[in-house]
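> Structure of the sequence below:
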Amino acid sequence: MLTYLPPADIIAHPGLRIVLVRGVPSPWSQAAKTIFEVKGLPYVAAPLEVAGANAEIAAWSGQNSAPVVAWQGEAPLNRWLDILLLAERLAPAPALLPADPLQRALAIGLGHEMLGERGIAWNRRLQMFSGAAASGNAGRLAPLMGKYGFDAADAAVAGARIATALRALAAQLRTQEARGVPWFVGDGLSAVDIWWVATSNILAPLPATQCPMREASRAGFTATDPLVVAALDPALLAHRDRVFKACFRDPMEF
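Residues are numbered from 1 along each chain as shown. Sure thing, here's the model as predicted:
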(Lines give C-alpha, C1' and ligand atoms only; values in the text may rest on other atoms or scores of the structure.)
Protein backbone atom coordinates (compact mmCIF):
# COMPACT_ATOMS: atom_id res chain seq x y z
CA MET A 1 0.00 0.00 0.00
CA LEU A 2 1.29 3.45 -0.92
CA THR A 3 2.04 5.50 2.19
CA TYR A 4 2.72 9.21 1.94
CA LEU A 5 5.16 10.89 4.31
CA PRO A 6 5.36 14.61 5.07
CA PRO A 7 7.60 16.46 2.61
CA ALA A 8 10.16 17.24 5.33
CA ASP A 9 10.59 13.52 6.00
CA ILE A 10 11.42 12.59 2.44
CA ILE A 11 13.68 15.62 1.96
CA ALA A 12 15.75 14.36 4.89
CA HIS A 13 15.61 10.71 3.79
CA PRO A 14 19.03 9.31 2.77
CA GLY A 15 17.81 7.03 -0.02
CA LEU A 16 15.46 7.12 -2.97
CA ARG A 17 12.44 9.40 -2.69
CA ILE A 18 9.71 10.61 -4.96
CA VAL A 19 7.05 13.30 -4.93
CA LEU A 20 3.85 12.14 -6.61
CA VAL A 21 0.74 14.01 -7.72
CA ARG A 22 -2.02 13.04 -5.28
CA GLY A 23 -5.61 12.36 -6.27
CA VAL A 24 -5.34 11.89 -10.04
CA PRO A 25 -3.40 9.45 -12.27
CA SER A 26 -0.70 11.84 -13.48
CA PRO A 27 1.08 10.03 -16.34
CA TRP A 28 4.49 11.31 -15.30
CA SER A 29 4.06 10.34 -11.65
CA GLN A 30 2.55 6.93 -12.32
CA ALA A 31 5.24 6.05 -14.86
CA ALA A 32 8.07 7.01 -12.50
CA LYS A 33 6.60 5.09 -9.56
CA THR A 34 5.95 1.98 -11.62
CA ILE A 35 9.47 2.00 -13.10
CA PHE A 36 10.87 1.94 -9.55
CA GLU A 37 8.54 -0.87 -8.58
CA VAL A 38 9.29 -3.00 -11.64
CA LYS A 39 12.98 -2.65 -10.79
CA GLY A 40 12.41 -3.49 -7.13
CA LEU A 41 13.78 -0.14 -5.96
CA PRO A 42 12.47 0.81 -2.50
CA TYR A 43 11.44 4.45 -2.14
CA VAL A 44 9.63 6.84 0.15
CA ALA A 45 6.96 9.16 -1.22
CA ALA A 46 5.43 12.55 -0.43
CA PRO A 47 2.32 14.03 -2.05
CA LEU A 48 2.05 17.03 -4.31
CA GLU A 49 -1.35 18.68 -3.92
CA VAL A 50 -2.82 19.70 -7.26
CA ALA A 51 -3.02 23.51 -7.49
CA GLY A 52 -1.55 23.81 -3.95
CA ALA A 53 1.42 25.91 -2.92
CA ASN A 54 3.48 22.85 -1.86
CA ALA A 55 5.99 25.27 -0.34
CA GLU A 56 8.42 22.74 1.14
CA ILE A 57 8.62 20.73 -2.06
CA ALA A 58 9.05 23.85 -4.20
CA ALA A 59 11.82 25.20 -1.96
CA TRP A 60 13.67 21.88 -2.05
CA SER A 61 13.26 20.95 -5.70
CA GLY A 62 12.94 24.37 -7.32
CA GLN A 63 9.50 23.63 -8.73
CA ASN A 64 5.90 23.13 -7.69
CA SER A 65 5.33 20.08 -9.83
CA ALA A 66 5.66 16.31 -9.77
CA PRO A 67 7.16 13.86 -10.05
CA VAL A 68 10.30 14.91 -8.26
CA VAL A 69 12.86 12.17 -7.64
CA ALA A 70 16.07 12.34 -5.62
CA TRP A 71 18.73 9.80 -4.76
CA GLN A 72 20.93 10.31 -1.71
CA GLY A 73 22.67 13.70 -1.93
CA GLU A 74 22.15 14.15 -5.67
CA ALA A 75 20.11 17.04 -7.06
CA PRO A 76 16.36 16.40 -7.44
CA LEU A 77 15.19 15.33 -10.91
CA ASN A 78 11.87 15.97 -12.56
CA ARG A 79 12.11 15.05 -16.25
CA TRP A 80 10.69 11.69 -17.34
CA LEU A 81 13.87 10.58 -19.13
CA ASP A 82 16.23 11.65 -16.33
CA ILE A 83 14.12 9.64 -13.88
CA LEU A 84 14.32 6.54 -16.07
CA LEU A 85 18.08 6.90 -16.48
CA LEU A 86 18.51 7.16 -12.72
CA ALA A 87 16.47 3.99 -12.27
CA GLU A 88 18.56 2.22 -14.92
CA ARG A 89 21.71 3.25 -13.06
CA LEU A 90 20.47 2.16 -9.65
CA ALA A 91 19.04 -1.16 -10.86
CA PRO A 92 20.44 -2.21 -14.25
CA ALA A 93 18.24 -5.31 -14.25
CA PRO A 94 15.61 -5.64 -15.43
CA ALA A 95 16.70 -3.18 -18.10
CA LEU A 96 13.91 -0.93 -19.34
CA LEU A 97 15.85 0.45 -22.29
CA PRO A 98 16.99 -1.88 -25.09
CA ALA A 99 20.71 -2.58 -25.36
CA ASP A 100 20.67 -2.00 -29.13
CA PRO A 101 21.38 1.70 -29.73
CA LEU A 102 18.82 2.12 -32.51
CA GLN A 103 16.10 0.42 -30.50
CA ARG A 104 17.11 2.53 -27.49
CA ALA A 105 16.82 5.69 -29.57
CA LEU A 106 13.40 4.53 -30.78
CA ALA A 107 12.30 3.90 -27.18
CA ILE A 108 13.35 7.37 -26.09
CA GLY A 109 11.67 8.93 -29.11
CA LEU A 110 8.40 7.14 -28.42
CA GLY A 111 8.66 8.25 -24.80
CA HIS A 112 8.93 11.84 -25.98
CA GLU A 113 5.83 11.38 -28.13
CA MET A 114 3.97 10.42 -24.97
CA LEU A 115 5.47 12.44 -22.12
CA GLY A 116 7.68 15.09 -23.71
CA GLU A 117 6.87 18.65 -24.67
CA ARG A 118 4.14 18.66 -27.35
CA GLY A 119 3.61 14.95 -26.74
CA ILE A 120 0.32 13.19 -26.03
CA ALA A 121 0.09 14.02 -22.32
CA TRP A 122 1.21 17.63 -22.89
CA ASN A 123 -1.48 18.09 -25.54
CA ARG A 124 -4.17 16.36 -23.48
CA ARG A 125 -3.44 18.79 -20.67
CA LEU A 126 -4.09 21.63 -23.10
CA GLN A 127 -7.38 20.03 -24.05
CA MET A 128 -8.36 19.73 -20.39
CA PHE A 129 -7.69 23.43 -19.91
CA SER A 130 -9.58 24.47 -23.05
CA GLY A 131 -13.04 24.15 -21.58
CA ALA A 132 -12.10 26.23 -18.55
CA ALA A 133 -10.51 28.87 -20.78
CA ALA A 134 -13.57 29.04 -23.03
CA SER A 135 -15.92 29.41 -20.07
CA GLY A 136 -13.98 32.34 -18.67
CA ASN A 137 -14.20 30.72 -15.24
CA ALA A 138 -11.12 28.55 -14.78
CA GLY A 139 -11.57 28.16 -11.02
CA ARG A 140 -8.98 25.88 -9.43
CA LEU A 141 -7.48 25.20 -12.87
CA ALA A 142 -6.36 28.81 -13.22
CA PRO A 143 -3.05 28.33 -11.31
CA LEU A 144 -2.27 25.23 -13.38
CA MET A 145 -3.02 27.04 -16.64
CA GLY A 146 -0.61 29.76 -15.61
CA LYS A 147 2.04 27.30 -14.47
CA TYR A 148 1.96 25.21 -17.63
CA GLY A 149 1.48 28.10 -20.01
CA PHE A 150 -1.94 27.50 -21.58
CA ASP A 151 -1.97 28.63 -25.21
CA ALA A 152 -5.21 28.69 -27.17
CA ALA A 153 -3.49 28.24 -30.54
CA ASP A 154 -1.68 25.12 -29.33
CA ALA A 155 -4.90 23.82 -27.77
CA ALA A 156 -6.70 24.19 -31.10
CA VAL A 157 -4.35 21.69 -32.78
CA ALA A 158 -3.82 19.43 -29.76
CA GLY A 159 -6.26 16.79 -30.99
CA ALA A 160 -4.55 16.44 -34.36
CA ARG A 161 -1.15 16.14 -32.67
CA ILE A 162 -2.41 13.47 -30.28
CA ALA A 163 -4.02 11.51 -33.10
CA THR A 164 -0.82 11.55 -35.15
CA ALA A 165 1.18 10.22 -32.21
CA LEU A 166 -1.40 7.53 -31.44
CA ARG A 167 -1.33 6.29 -35.01
CA ALA A 168 2.46 6.07 -34.85
CA LEU A 169 2.28 4.05 -31.62
CA ALA A 170 -0.28 1.68 -33.13
CA ALA A 171 1.86 1.22 -36.24
CA GLN A 172 4.88 0.41 -34.08
CA LEU A 173 2.90 -2.18 -32.11
CA ARG A 174 1.77 -3.84 -35.32
CA THR A 175 5.33 -3.89 -36.65
CA GLN A 176 6.44 -5.66 -33.48
CA GLU A 177 3.51 -8.07 -33.57
CA ALA A 178 4.38 -9.01 -37.16
CA ARG A 179 7.72 -10.33 -35.92
CA GLY A 180 6.14 -12.09 -32.96
CA VAL A 181 7.07 -9.60 -30.23
CA PRO A 182 4.28 -8.32 -27.93
CA TRP A 183 6.16 -5.19 -26.78
CA PHE A 184 6.68 -1.72 -28.21
CA VAL A 185 10.45 -1.96 -28.79
CA GLY A 186 13.23 -4.52 -28.63
CA ASP A 187 12.41 -8.04 -27.54
CA GLY A 188 10.89 -7.51 -24.10
CA LEU A 189 9.23 -5.15 -21.66
CA SER A 190 10.63 -1.63 -21.79
CA ALA A 191 9.85 1.76 -20.33
CA VAL A 192 7.79 2.47 -23.47
CA ASP A 193 5.19 -0.09 -22.41
CA ILE A 194 5.02 1.46 -18.92
CA TRP A 195 4.86 4.99 -20.33
CA TRP A 196 1.97 3.98 -22.56
CA VAL A 197 -0.15 2.57 -19.70
CA ALA A 198 0.46 5.73 -17.68
CA THR A 199 -0.35 8.00 -20.64
CA SER A 200 -3.47 6.08 -21.65
CA ASN A 201 -5.21 7.04 -18.41
CA ILE A 202 -5.68 10.61 -19.62
CA LEU A 203 -7.19 9.34 -22.86
CA ALA A 204 -9.35 6.37 -21.87
CA PRO A 205 -8.92 5.70 -18.15
CA LEU A 206 -8.96 2.16 -16.90
CA PRO A 207 -12.19 1.16 -15.08
CA ALA A 208 -12.84 2.55 -11.62
CA THR A 209 -11.93 -0.78 -10.03
CA GLN A 210 -8.41 -0.42 -11.45
CA CYS A 211 -8.03 3.36 -11.65
CA PRO A 212 -10.21 4.84 -8.89
CA MET A 213 -10.79 8.60 -8.92
CA ARG A 214 -13.56 11.14 -8.49
CA GLU A 215 -16.11 10.87 -11.28
CA ALA A 216 -15.65 14.55 -12.09
CA SER A 217 -11.97 13.88 -12.66
CA ARG A 218 -12.72 10.79 -14.74
CA ALA A 219 -14.83 12.83 -17.13
CA GLY A 220 -12.00 15.32 -17.56
CA PHE A 221 -9.46 12.55 -18.10
CA THR A 222 -11.55 10.88 -20.81
CA ALA A 223 -10.87 12.14 -24.33
CA THR A 224 -13.92 13.10 -26.36
CA ASP A 225 -12.21 14.81 -29.32
CA PRO A 226 -13.34 12.77 -32.37
CA LEU A 227 -9.82 12.84 -33.83
CA VAL A 228 -8.38 11.34 -30.65
CA VAL A 229 -11.15 8.78 -30.16
CA ALA A 230 -10.78 7.55 -33.75
CA ALA A 231 -7.00 7.18 -33.35
CA LEU A 232 -7.28 5.08 -30.17
CA ASP A 233 -6.66 1.77 -31.90
CA PRO A 234 -8.12 -1.21 -29.99
CA ALA A 235 -4.66 -2.79 -30.16
CA LEU A 236 -3.29 0.07 -28.06
CA LEU A 237 -5.93 -0.45 -25.39
CA ALA A 238 -5.44 -4.21 -25.39
CA HIS A 239 -1.71 -3.66 -24.92
CA ARG A 240 -2.43 -1.25 -22.08
CA ASP A 241 -4.56 -3.83 -20.31
CA ARG A 242 -1.90 -6.54 -20.61
CA VAL A 243 0.96 -4.36 -19.37
CA PHE A 244 -1.16 -2.96 -16.54
CA LYS A 245 -1.88 -6.48 -15.33
CA ALA A 246 1.80 -7.41 -15.48
CA CYS A 247 3.43 -4.28 -14.03
CA PHE A 248 1.09 -1.88 -12.24
CA ARG A 249 -0.51 -1.79 -8.80
CA ASP A 250 -4.09 -3.01 -9.09
CA PRO A 251 -5.90 -0.85 -8.19
CA MET A 252 -3.66 2.09 -8.99
CA GLU A 253 -2.72 4.29 -6.02
CA PHE A 254 -2.15 8.02 -6.31
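
> For this structure, give the helix that spans the most residues.
As assigned by DSSP state H, the longest helix anywhere in the chain is helix 158-178.

> What residues of that helix count as buried?
Within helix 158-178, the residues scored as buried using 16 or more other CB atoms under 10 Å are Ala158, Gly159, Arg161, Ile162, Ala163, Ala165, Leu166, Leu169, Ala170, Gln172, Leu173, Gln176. No exception for glycine: its C-beta is placed from N, CA and C like everyone else's.

> so how far is it from its chain's centroid?
Helix 158-178 sits 17 Å away from the centroid of its parent chain (CA atoms, centre = their mean, to the nearest Å).

> returning to that earlier point: and the buried residues of helix 158-178, which is closest to Gly40?
Set against Gly40, the nearest of the buried residues of helix 158-178 by CB to CB is Gln176 (25.9 Å).

> Pro182 is in contact with the closest one, correct?
Yes. Gln176 is within contact range of Pro182, at 7.2 Å (criterion: CB atoms under 8 Å).

> Okay, helices next: where are they in the stretch 101-250 of the chain?
All helices of the stretch 101-250 of the chain, identified by DSSP state H, counting those that start in this stretch, fall at 101-115, 120-135, 142-148, 152-156, 158-178, 191-200, 215-221, 226-231, 234-247.

> tell me the most buried of the ones you listed?
Mean neighbours per residue, mean count of other CB atoms under 10 Å, is largest over the helices of the stretch 101-250 of the chain for helix 191-200, with a mean of 27.

> Any figure for the gap between the closest residue to Glu177 other than its chain neighbours and Gln176?
Sequence neighbours aside, Ala235 is the residue nearest to Glu177 in space, at 7.8 Å (criterion: CB to CB, 6 or more residues apart in numbering). Ala235 sits 10 Å away from Gln176, going by CB to CB, to the nearest Å.

> and what of Pro226?
Separation of Pro226 from Gln176 (CB to CB): 28 Å.

> ok so, going back, ok, which of the helices of the stretch 101-250 of the chain comes nearest Ala93?
Taking the helices of the stretch 101-250 of the chain one by one with CB to CB, helix 191-200 is closest: 13.9 Å.
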